[in-house]
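Trainee: Mind folding the following:
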Amino acid sequence: MTTVKATNITWHSTHVDRTDRERLLRQKGCTIWFTGLPSSGKSTTAFTLEHELISLGYLAYVLDGDNVRHGLNKNLGFSAADREENIRRIGEVAKLFADAGILTMTSFISPYRRERDLAREIHGEAGLLFVEVFVDTPIEICEERDPKGLYQKARRGELKGFTGIDDPYEPPLNPELVVKTGEYSPEIITAQILSYLVRNDFLVVDEKNACVERINTLNQQNAIHNSDQKCHR
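Mentor: Just a heads-up that it's a prediction; the model follows:
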């Protein structure tokens, strides 16, 4: 639990209601929390989804693990305590983005259930929607990708405390969505997440037709791609 050191502070209520921002933006602000092993495809999926949402006229933003460590969290390392603080900060920032009405995606390993549950809790306390997406990619596939060569370093003992090798990853027990980047393309996974957002009324009704049309297009493209692959086997 984080120690509260600030004193003599008061929460100032805005003159703008959250529903006013949602009406303006034609969407419900929320946090879509991508979690999974290193190189599981979290960032690729999040950025693909962001691109599709923007192209459909929605306001979306990705808080990426590496990107955030270039600024807000550049004073944090990878010890257990620093990892906990890293996720705490992101949970709070994501909450502010969601309160502003933004479809906010976070792409972090976030290996421990307790910290992810805390992020969900602070959203719930603020009356904000929280969608946990488990990027369920087998470690064998993650190691094959390994764009930074970190798995190799961890296997050689050159990198300690690496999630999935000598530090645990605790899979979500009840995520809203499970996606499998080892089986499906980023585009088809994006279609799956968009379908979830439409079904659960995160996106305003008058835009649903365009969104559904785009989902169908992505599914058709993926079907053609899969058919081509089978023909070339």
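
Trainee: Now do the phi/psi pair for G124.
Mentor: The phi/psi pair for G124 (degrees, to the nearest 10) reads phi -60, psi -40.

Trainee: what does the one 3 residues further on give?
Mentor: Its backbone dihedrals place G127 at phi 70, psi 30, with angles given as degrees, to the nearest 10.

Trainee: That one: what's it in contact with?
Mentor: Residues near G127 by C-beta atoms under 8 Å, 6 or more residues apart in numbering: R18. In short, each C-beta sits where N, CA and C put it, glycine included.

Trainee: all helices of this protein, in order?
Mentor: Using DSSP state H, the helices found in the chain span residues 18-25, 42-55, 65-68, 80-99, 113-125, 139-145, 150-155, 186-199, 208-231.

Trainee: between the ones you listed, which gets the lowest average pLDDT?
Mentor: Lowest mean pLDDT within the helices of the chain: helix 208-231, a mean of 65.

Trainee: List the buried residues for stretch 112-120?
Mentor: Of all the residues in stretch 112-120, those buried under the rule 16 or more other C-beta atoms under 10 Å are Y112, E115, R116, L118, A119, R120.

Trainee: Tell me which two of those sit farthest apart.
Mentor: Y112 and R120 (12.9 Å; C-beta to C-beta).

Trainee: ok, back up a step: let me have the buried residues of stretch 112-120 in JSON lines, extended by distance to S185.
Mentor: Output for those, formatted as JSON lines (distance: C-beta to C-beta, whole Å):
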{"residue": "Y112", "distance to S185": "29"}
{"residue": "E115", "distance to S185": "30"}
{"residue": "R116", "distance to S185": "26"}
{"residue": "L118", "distance to S185": "32"}
{"residue": "A119", "distance to S185": "28"}
{"residue": "R120", "distance to S185": "28"}
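
Trainee: which one of those residues is nearest G149?
Mentor: Sorting the buried residues of stretch 112-120 by distance to G149 puts Y112 at the head of the list, at 24.7 Å, by C-beta to C-beta.
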